[in-house]
Each structure stands twice: as structure tokens, then as C-alpha cells.
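Colleague: return atomic coordinates for the entry below.
(4 chains)
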Number of protein chains: 2
Amino acid sequence: MAERLTRRQAELLGWLREHAPRLPHPPTLDEACRGLGLRSRGSLHKHVQALVAAGLLEPMNGRQRGLVLAAGRRPEPTPATPDARPTGAVLPLLGRVAAGRPIEALEDDATIEVGAEWAGRVDHYALTVRGDSMIDEGIHDGDIVVVQHCSSARNGQIVVALVDGVSATLKRIEQQYGRVVLHPANSSLQPLVVEPDRVTIRGIVKGLIRRYG
Amino acid sequence: MAERLTRRQAELLGWLREHAPRLPHPPTLDEACRGLGLRSRGSLHKHVQALVAAGLLEPMNGRQRGLVLAAGRRPEPTPATPDARPTGAVLPLLGRVAAGRPIEALEDDATIEVGAEWAGRVDHYALTVRGDSMIDEGIHDGDIVVVQHCSSARNGQIVVALVDGVSATLKRIEQQYGRVVLHPANSSLQPLVVEPDRVTIRGIVKGLIRRYG
DNA sequence: CAAGGTGTTCTCCATTCGTTCTCTGTGCGA
DNA sequence: TCGCACAGAGAACGAATGGAGAACACCTTG
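Modeller: You can find the predicted model right below:
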């Protein structure tokens, strides 16, 4: 029973975990074949049987569209990868940052799980990006940026900046003598030039996470 | 009793849940037939009986307009995903993908730690992006893309595509009848139009990770 | 009463889909 | 080199599913 999954079995399991929750009905073997790039139901069926035997799939018993993940009774925490338990980090997701508006607070204790490279960074937090003001930097609406809380920055860094205490924006910063230029990365927007004491830096963008549908 | 609903039974149930509350009377079998695109009362009736047997519909007992949802005693709790895994995941970092060149293999067992949203996705891997061919999509040189291993894609998705078995590229795919258009997201590059059998899809881009200095 | 609407049951049919089988190929270790 | 585990293709079979249509019983309405 403690059999190790083969590569293909693990791929099938991963595909099901990914797709099954979003499908209106459990998939057929043919659909799973297409999902995995197979052409033969029969081949896939062998992998299905192995997963059923491992307790990871419900027995199909001839039922059509019977490709259903076993109910969670089986702990079996993701075998497949014999990984060295790389605990990810949980950062607070503080809200949204957009051009021209303050950070909207999200419902409290929203969090996002990020890669382990951010583990232990207690001075980091995450924001959801609204708007396209940084699109030329590849920061799109809906992306999540990882921000290090920090009140100063080097020129060229992308910062969360408050102007006059409001209007949190994501901008590339350029600090010159006697003035600060906040560059949007969107050719249809103008740089903002303000006196240094009107600008508050709230953090430096250190990472970006995006998910595609 | 614990039988799973078939596709059609589930569709009928969904139709009833959507429409019944807005109708002045419970629908007749014929009305439900039209709603589901059926022509035969008899066929629909079989599905109705199955739902009655499952306790999801009130027994009609010959009553006219007797198609009534069973009283809400059956909440049918969306199984959802039983796992709330707060652990990060390790994906293999297979190499680099660029416009016009095959995937360069990296030294073996290079890995990257990603957020827990990718945990258990054994069919996912990561690639480092080289070049600017997708810059208008916000995918920059040096970014890391998370790719789901997959051999087919829907139009509009960003895929890792091989043309003639070589030249792994990151492109937005558009599959038309008899041809495939691979769109770079860079206004200085032209879309690539090829026959479907020359294109091999190696995966679908599902996520993006960037780190700023 | 007749007519039409409606639920019920039945038979017949087509397609989908799970299952099993054989055959092939590949990589790996003894 | 052989054997074995893994992987895939494809054919064939039968069960599950889904549908059409006819026939009938019951009811309401004119």
C-alpha cells in the first residue's frame, strides 16, 4: 500500500487535483487523456487503477464520469515529490495599491502564501495591484507584489509611495536634489514631481506573483 | 442512495434550482424538457425519478406541476478541497525558455521554491524566461514562469510551444481551423503561423514569479 | 361528453465510456 | 544480454447513459 507513485500516476493525480474542482462534472477517461496528452483510454486506465488501489481515487465501478478524487480520509500528503519539506511563508495581504488612491484595506487577516524565499521576512507584506500604472514594468492589474516595509529607497527601485499622506501608488522612484520624481511605467501617465517632504515611502517592491487562469 | 448523480441529472437539478424560484408555478415536465433541450417527456421523467430517489425532488405521485425541489434538508455540502496545506512546494527548474531557441537544460536537480498554491502539482515545473518576446504580457527577461505540463491548451493561453520539435518559445496560442498562430507579446515581433502538426505544446503558463534586487 | 394537457410506463435505439486485452517500445539493473 | 517495470497505442466488448416516441391513465375544462 505504501507503494510509491510512478511519474505518470503522479501526473494524473496532479491533473485531477488541478482540474476536477473546476469542472462541472467529473471528467471522463478521454478527457483526462487529452489533459495529459494521451491517446489511449486503455493506457490511462492502468494509471487510474493504480491510484484507486492506492486509495487516492474513488473506485469507478463502471460508473461513467467516475474519475473522482478520494475523500480526504487518506492523509497521504502528496507523495510524488520526495521534497525536503520547504515550508512556505505566509505574508499578510494588506490590501490593494493603485494609482491615485490610498491602499484599500482588505478584510482583516487576509494572507497569501508565498514561496519559501520570503520565509522569515517579518518586514514584508503583500499587496494586490489595481490598475495599469506600472504595466510597462510588467506589473499588471491583479498581480500581487511582495513589499518590504521600508522608509527609504534607492533610485530606480519600485516603491509604494504616499504623496501628502494619501494616494498610495506604485512608482519607480528617482530622488534628485530637492525633489522626487515618481515615474509610472505607463506611457499614458505623467511622472509626478514633488518635494521630498511630501513623499512617504511605505515599502520597496521585492517580488511579484501572478497566476494565470 | 449514496449514488452519485449523472451529468444529466445534475443538469436537471441545476436547471430547477435556477428557474423554479422565479416561476409562478412549479414547471411541468414539458417545460423542463424545453429548458434542457429535450423532446421527450419520457426521457426527462427518468431523470426526475432518479432525483426523487436521491431525495432531491419531492415525489410527484401523479400530481400535475409536481416538479418541486425537496425541502432543503439536503444541503449537499460542496466537498471542496479537504487540504489546507500551509507548506510551500518545490518545483523542478528545468531550464530557460526563450524565443528561437530550445529549452536549455540546466544542471540537473535545480529547483525553485514557490508558494504553497503550487504544492502537490507534480505536473508543474518552472522555467527561467530569457528574452523579451512576451514583454507586452508583463513577462520579462529573468522572470520565472510556472508551467503546467500539458499537451493542449485553450486559445489565449500562454504556452511553451515547440515548433518542428525545436525552438521552445513562450507564446500566446490561437488555434484556428487548420493552423495555429503563436503570438509573441512584443510589438517588434511577428506572430508565427504554422500547421497544427508542427506545433507541440509543452505546457501552459500558470504563474509568474519575479524578484527585484 | 369530448378535447387537450400532463404524468407514467414502455420499448427501441445511439452514443459514450469504462474495462480488458494484446502488442510495442524504452530504460534500467542484474 | 535478459528480465522487468513503466508507458503507450489501439481494438474490442459490454455496461451505463441519454434520448425518442408511442401508448395509456388521469385530470381539468369547455
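
Colleague: does A:Arg41 touch A:Cys33 like I think?
Modeller: Yes: with contact defined as C-beta atoms under 8 Å, A:Arg41 counts as touching A:Cys33 (6.1 Å). In short, each C-beta sits where N, CA and C put it, glycine included.

Colleague: who has more neighbours, those two?
Modeller: Between A:Arg41 and A:Cys33, A:Cys33 has the larger neighbour count (other C-beta atoms under 10 Å in any protein chain shown), namely 19 against 13.

Colleague: what bits of chain A have low per-residue confidence?
Modeller: A:1-4, A:18, A:21-24, A:71-123, A:163-168 (pLDDT under 70).

Colleague: what does it have sitting close to DNA strand C?
Modeller: A:28-30, A:41-42, A:45-46, A:48-49, A:59-67 (C-beta under 7 Å from any atom of the strand).

Colleague: among these, which are in reach of chain B?
Modeller: Residues of these in contact with chain B (C-beta under 8 Å from any C-beta of the partner chain): A:63-66.

Colleague: mind splitting chain A into its structural domains?
Modeller: The domain map for chain A lists A:1-73, A:89-209, with the assignment taken from automatic domain parsing.

Colleague: could the ones you listed go into TSV alongside distance to DNA strand D?
Modeller: Below are the domains of chain A laid out as TSV (distance: least, C-beta to the nearest atom of the strand, whole Å):
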stretch	distance to DNA strand D
domain A:1-73	2
domain A:89-209	27
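
Colleague: buried deepest among those, which one?
Modeller: With neighbours defined by mean count of other C-beta atoms under 10 Å in any protein chain shown, none of the domains of chain A is more surrounded on average than domain A:89-209, at a mean of 18.

Colleague: on that earlier part again, B:Ile173: which of the ones next to chain B among the residues of chain A next to DNA strand C is nearest?
Modeller: Out of those, the one with the shortest distance to B:Ile173 is A:Arg65. That distance is 27.8 Å, counting by C-beta to C-beta.

Colleague: contacts only, for the closest one.
Modeller: Each residue near A:Arg65 by C-beta atoms under 8 Å, 6 or more residues apart in numbering or on different chains is listed here: A:25-28, B:6-7.

Colleague: ok, it to A:Glu31 distance?
Modeller: Noted for A:Arg65: a distance of 9 Å to A:Glu31, by C-beta to C-beta, to the nearest Å.

Colleague: just A:Gly42 next, same as before
Modeller: Relative to A:Glu31, A:Gly42 is positioned 15 Å away (criterion: C-beta to C-beta).

Colleague: same thing with A:Arg154?
Modeller: Here A:Arg154 is placed at a distance of 51 Å from A:Glu31 (C-beta to C-beta).

Colleague: ditto for A:Thr200
Modeller: With distances defined as C-beta to C-beta, the gap from A:Thr200 to A:Glu31 amounts to 53 Å.

Colleague: would you list every one of the helices in chain A?
Modeller: Taking DSSP state H to define them, one finds helices in chain A at A:7-19, A:29-36, A:41-53.

Colleague: so in chain A, which strand runs the longest?
Modeller: If you go by DSSP state E, chain A has its longest strand at strand A:199-211.

Colleague: parallel or antiparallel, list what pairs with it.
Modeller: strand A:144-149 (antiparallel), strand A:158-163 (antiparallel), strand B:199-211 (antiparallel) (DSSP bridges).

Colleague: which of these sits closest to B:Leu12?
Modeller: From the strands paired with strand A:199-211, taking C-beta to C-beta, the stretch that ends up closest is strand B:199-211, at 33.2 Å.

Colleague: quick one: A:Arg202 and A:Thr169 touch, right?
Modeller: No: counting by C-beta under 8 Å, A:Arg202 sits too far from A:Thr169 to count as a contact (9.9 Å).

Colleague: what's the overlap in contacts for those two?
Modeller: When C-beta under 8 Å, 6+ apart defines a contact, the residues bordering A:Arg202 and A:Thr169 alike are A:160-161.

Colleague: kindly provide the distance from A:Thr6 to chain B.
Modeller: Counting by C-beta to the nearest C-beta, to the nearest Å, the gap between A:Thr6 and chain B amounts to 11 Å.

Colleague: how about A:Gly156?
Modeller: Taking C-beta to the nearest C-beta, one finds A:Gly156 at 9 Å from chain B.

Colleague: A:Val181 too?
Modeller: In this structure, A:Val181 lies at 19 Å from chain B, with C-beta to the nearest C-beta as the measure.

Colleague: that residue bridge partners, please.
Modeller: Residues found in beta-bridge contact with A:Val181 (criterion: DSSP bridges) are A:Glu174, A:Val193.

Colleague: quick one: residues contacting it.
Modeller: By C-beta under 8 Å, 6+ apart, the contact set of A:Val181 is A:173-175, A:191-193.

Colleague: name the nearest residue to A:Val199, ignoring sequence neighbours.
Modeller: Excluding its sequence neighbours, the residue lying closest to A:Val199 (C-beta to C-beta, 6 or more residues apart in numbering or on different chains) is A:Val180, at 4.9 Å.
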